[in-house]
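Chemist: predicted model and sequence follow; I will ask about them next.
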Amino acid sequence: MPALHADPGRRAGGGAEFCDGNRRSLALQAVARRGGLFWADVAALAVRLLERIVEPAPCACGKCGSARLHKLGEVVSKALECEPRRWKIIEHVREKFSCRDCEAITEAPAPSHPIPRGFAGPSLLAMVLVNKFLLHQPLNRQSKTYAREGVEIDVSTLADRVGACVVALDPIIEAIRTHVMSAERIHADDTTVPVLAKLKTVTGRIWAYVRDDRPFGGQDPPAALFYYSRNWAGEHPQSHLAGYVGLMQADAFDGYNQLYKAHREPAPILEAACWSHGRRKFFDLAKSGEAPIASEAVRRIDVLFEIERTINGQPPEQRLAVRREKSRPLVIELEIWMRQQRALLSSSNDTAKAINYFFNRWAAFTRFLDDGRVCLSNNAAERALRGVAVGRKNWTFAGSDAGAHRAAAVYTLIETCKMNDVDPQAWLADVLARLPDHPANKVADLLPWNWRSARQQSAVAA
């Protein structure tokens, strides 16, 4: 039996739809990034960060003692070093003047601040947000770290600043929400989040809606939108997607069913099922080595994923043509084969349940054969939720419903930055500094993809 892979959509060699890319390449890119700039700026970055230490030259020959020395060249050894974080207090001094004629007092206007009457500057605020929601460091750990460096900031103060930042950044979040909900196709998924309640925790949900047109050659930037709810009721995605019309890639959660109804206003959402979810049920059975039907199902589905890798990133028309030529015959054979196997199994058999999962939504599973925009998997949404899954292992629970709502808002910003190859900390620091004086009708200029383009153009011009 060929080797089984947990998820064919995550093997190396694919694009945005199928894999996270070569880890070593991403690591090198991460070293090269600074404020959203890439390899073209690495040489200039190295010059700015280079500290040259010239060791004292010898005054005499080490062999004969002669002082007649002639320089031949240099032997250079390099070491990468990191300096400790530097804290500082910035004083904004506004001189006051009294008029000799009318005795009126005049002074310069007070500078704007990300948080009204707040003490924390934009770079500090950005660091706190990134440390918690990207690097998964709870606020209590951050508070202790800052105290060791000689700066004591109470946990409750940090929490207040996080909430104030979310309020300040709300125009950006609304702009991302508008961008995601204007997509032709979105990915949807959810995950659990423990929320502190009286004497216990309750299980809330974080919902993710992802716009990513790159698999079918779309030019619009990708983005992710997160919501929080106290429970797993279907009313929540129905509220989130109240005005959305288009394709939605999702699992078989019953709460989505109302979105697909023909009588839905303004129009029904078209369901596209996730083959990775369906395949996973067979894969779990095949791992034991005693489920030949499940192993064969995994092998057949993997062939479809192999075809998808060859057309990832191509326009919808080309994707559709290849699918009709290569994938459709395989899907027809798969359906016939699964029906034959299903007839041999009892309804209580686990393999029969895995087959029924496909047949209960067969139209949604085969929609990719008629629409080149549809992806074979819902991995884009699962990747977006990965940060939440890692984070809850560190901060263990949200302190309140309000805290969970704030977390969803910050995840929206950070995940969107990551999808657009923007450094979240550099972007947050710059946007928090500029937003108080930024025109309300030009908020789109601060969206991560536009911000990155402006920085790159400025670097080229310089």
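Modeler: Received the coordinates, thanks.

Chemist: was I right about Pro448 contacting Asp430?
Modeler: No: here Pro448 does not reach Asp430: they are 10.7 Å apart, not a contact under C-beta atoms under 8 Å. Heads up, the C-betas are built off the backbone N, CA and C, glycines and all.

Chemist: looking at the two, which is more packed in?
Modeler: A direct count of neighbours by other C-beta atoms under 10 Å for Pro448 and Asp430 places Pro448 higher, at 27 against 19.

Chemist: those strands in the stretch 151-300 of the chain, which residues are they?
Modeler: In the stretch 151-300 of the chain, the segments counted as strands under DSSP state E, counting those that start in this stretch are 185-197, 200-211, 223-229, 247-250, 270-273.

Chemist: retrieve the pLDDT associated with Leu49.
Modeler: Looking at Leu49, its pLDDT reads 78.

Chemist: cool, and Leu270?
Modeler: pLDDT, the model's per-residue confidence, is 97 for Leu270.

Chemist: still on that earlier bit, in CSV, list the strands of the stretch 151-300 of the chain along with mean neighbour count and distance to Gln137.
Modeler: Shown next, in CSV, are the strands of the stretch 151-300 of the chain (neighbours: other C-beta atoms under 10 Å; distance: least, C-beta to C-beta, whole Å):
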stretch, mean neighbour count, distance to Gln137
strand 185-197, 20, 17
strand 200-211, 20, 19
strand 223-229, 25, 19
strand 247-250, 24, 32
strand 270-273, 22, 37
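
Chemist: residues of stretch 327-334 that come out buried?
Modeler: 327, 331, 334 (16 or more other C-beta atoms under 10 Å).

Chemist: what about the nearest residue to Arg300 once chain neighbours are set aside, distance to Arg309?
Modeler: Counting by C-beta to C-beta, 6 or more residues apart in numbering, the nearest residue to Arg300 once its immediate chain neighbours are dropped is Leu334, at 5.2 Å. For Leu334, the distance to Arg309 equals 18 Å [C-beta to C-beta, to the nearest Å].

Chemist: picking that back up, quick one, which of the strands of the stretch 151-300 of the chain is nearest to Ser453?
Modeler: strand 223-229 (14.8 Å; C-beta to C-beta).

Chemist: each with direction, which strands does that closest one pair with?
Modeler: Its sheet considered, strand 223-229 pairs with strand 200-211 (antiparallel) by DSSP bridges.

Chemist: and Leu446, backbone torsions?
Modeler: phi -90, psi 0 (degrees, to the nearest 10).

Chemist: Pro268: neighbour count?
Modeler: The number of residues packed near Pro268 is 14, by other C-beta under 10 Å.

Chemist: give me every residue that touches it.
Modeler: Neighbouring residues of Pro268 by C-beta atoms under 8 Å, 6 or more residues apart in numbering: 259-262.

Chemist: and if you look at Gly243?
Modeler: By C-beta under 8 Å, 6+ apart, Gly243 lies in contact with 181, 266.

Chemist: separation between it and Leu446?
Modeler: Using C-beta to C-beta, which is the criterion applied here, Gly243 is 24 Å from Leu446.

Chemist: just Gly121 next, same as before
Modeler: According to C-beta to C-beta, Gly121 stands 18 Å off from Leu446.

Chemist: swap in Gly313?
Modeler: Applying C-beta to C-beta, the value for Gly313 to Leu446 is 28 Å.

Chemist: more neighbours: the two, which one.
Modeler: The neighbour count for Gly313 versus Leu446, taken as other C-beta under 10 Å, is higher for Leu446 (19 against 15).

Chemist: leaving out chain neighbours, which residue sits closest to the residue nearest the centre of the chain?
Modeler: Centroid-nearest residue in the chain, with C-alpha atoms, centre = their mean: Glu415, separated by 2.7 Å. Excluding its sequence neighbours, the residue lying closest to Glu415 (C-beta to C-beta, 6+ apart) is Ala224, at 4.0 Å.
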